[in-house]
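Asks: Dropping a prediction and its sequence here:
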Amino acid sequence: MTLIYITCPTESEAVKISKHLLNKKLIACSNIHKIRSLYFWKRKMQDEQEYVIMAKTKGNHYEKIKQEVKKMHSYDVPCILKIDAEANEEYSKWVNQGVK
């Protein structure tokens, strides 16, 4: 199983991206969390509220998900991370049935 971690500037963008990936059957589930992010952008420290998507999928979908997110995302440099994970057998089976 793979988790895809994607940060978004707004909740509405996170929901839009999640629904798009769900409708394309690239992910089985998306959790959206409000977070506080600190980072440097153009030599200035940023302290922003963001929303993170934690999407569950199969590992071989990462490249396609990355392409789809880049087309929709409002950031010049979106964060799209692939995290390999293990899950209980029942949940893994459910995820595998939910994606192409």
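Replies: Yep, that arrived.
Asks: Can you measure across stretch 55-73, start residue to end residue?
Replies: With Cα to Cα, to the nearest Å as the measure, stretch 55-73 spans 15 Å from end to end.
Asks: Tell me the buried residues in that stretch?
Replies: 55-58, 61-62, 65-66, 68-69, 73 (16 or more other Cβ atoms under 10 Å). (Glycine included, C-beta is placed from N, CA and C.)
Asks: Could you do stretch 13-27 as well?
Replies: 13-14, 17-18, 21-22, 26-27.
Asks: For those, work out which two are farthest apart.
Replies: 13 and 26 (17.0 Å; Cβ to Cβ).
Asks: on that earlier part again, could you redo the buried residues of stretch 55-73 as a markdown table and give each row pLDDT and distance to residue 82?
Replies: Converted to a markdown table, the buried residues of stretch 55-73 look like this (pLDDT from 0 to 100; distance: Cβ to Cβ, whole Å):
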| residue | pLDDT | distance to residue 82 |
| --- | --- | --- |
| 55 | 98 | 10 |
| 56 | 98 | 12 |
| 57 | 97 | 9 |
| 58 | 93 | 11 |
| 61 | 96 | 10 |
| 62 | 96 | 5 |
| 65 | 98 | 9 |
| 66 | 97 | 8 |
| 68 | 98 | 14 |
| 69 | 98 | 12 |
| 73 | 98 | 16 |
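Asks: Now go through the buried residues of stretch 13-27 and say which are in helices.
Replies: Within the buried residues of stretch 13-27, residues falling in helices by DSSP state H are 13-14, 17-18, 21-22.
Asks: any idea which of the buried residues of stretch 55-73 is closest to residue 44?
Replies: residue 73 (21.1 Å).
Asks: Touching, the closest one and residue 13? I think so.
Replies: Yes - with contact defined as Cβ atoms under 8 Å, residue 73 reaches residue 13; the gap is 7.5 Å.
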